[in-house]
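Asker: The following comprises the amino acid sequence and a computationally predicted model.
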Amino acid sequence: MSNPASFNTSRKLGRFSIPKELIDHDLALVFTIMSTVIPVRAEYIFENNSIEYVGICHNFEFIPLGEIAPRYKPYIENGFVRWEKQD
């Protein structure tokens, strides 16, 4: 049987994108961003040459089962990642 506390943490979902160009040219920044999330889905988006992720992060809001995860944008401030909800 699963722990209810871990269930709540696992539903803190968000969507975000990382441009392929950033992955190719600033991998250290991508590592910093990705160190704050656990990706549960990644998909290459041909139209804008980016990877779209769905991930779990303690900074994201709890999303009930069946609802669509909101989009977030990462910001780096003094070496720390801050996530801002976009929708």
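Answerer: Thanks, I have it.

Asker: What segments of this structure are strands?
Answerer: For the chain, applying DSSP state E gives strands covering 13-19, 38-45, 50-56, 72-77, 80-85.

Asker: partners of the third one in the sheet?
Answerer: Right, strand 50-56. Take DSSP bridges as the rule and strand 50-56 pairs in its sheet with strand 13-19 (antiparallel), strand 38-45 (antiparallel).

Asker: quick one, what contacts the residue nearest the centre of the chain?
Answerer: The centroid of the chain falls nearest to G55 when counting by Cα atoms, centre = their mean (4.4 Å). Neighbouring residues of G55 by Cβ atoms under 8 Å, 6 or more residues apart in numbering: 13-14, 16, 37-41. The C-beta positions use only the backbone N, C-alpha and C, and glycine is treated the same way.

Asker: Please repeat the previous calculation with a cut-off of 10 Å.
Answerer: Counting by Cβ atoms under 10 Å, 6 or more residues apart in numbering, G55 touches 12-16, 34, 36-42, 69, 72.

Asker: cool, P39 as well?
Answerer: Neighbour list for P39: 16, 51, 53-57 [criterion: Cβ under 10 Å, 6+ apart].

Asker: Then I45?
Answerer: Applying Cβ under 10 Å, 6+ apart to I45 gives the contacts 17, 19-20, 51-52.

Asker: Just the buried ones from those?
Answerer: 17, 51 (16 or more other Cβ atoms under 10 Å).

Asker: can you list the strands of the chain in a markdown table and add mean pLDDT and distance to L65?
Answerer: Listed next are the strands of the chain as a markdown table, based on pLDDT from 0 to 100; distance: least, Cβ to Cβ, whole Å:
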| stretch | mean pLDDT | distance to L65 |
| --- | --- | --- |
| strand 13-19 | 97 | 10 |
| strand 38-45 | 97 | 14 |
| strand 50-56 | 97 | 14 |
| strand 72-77 | 95 | 19 |
| strand 80-85 | 95 | 20 |
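
Asker: In JSON lines, list these along with distance to A28.
Answerer: Shown next, in JSON lines, are the strands of the chain (distance: least, Cβ to Cβ, whole Å):
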{"stretch": "strand 13-19", "distance to A28": "13"}
{"stretch": "strand 38-45", "distance to A28": "18"}
{"stretch": "strand 50-56", "distance to A28": "17"}
{"stretch": "strand 72-77", "distance to A28": "11"}
{"stretch": "strand 80-85", "distance to A28": "13"}
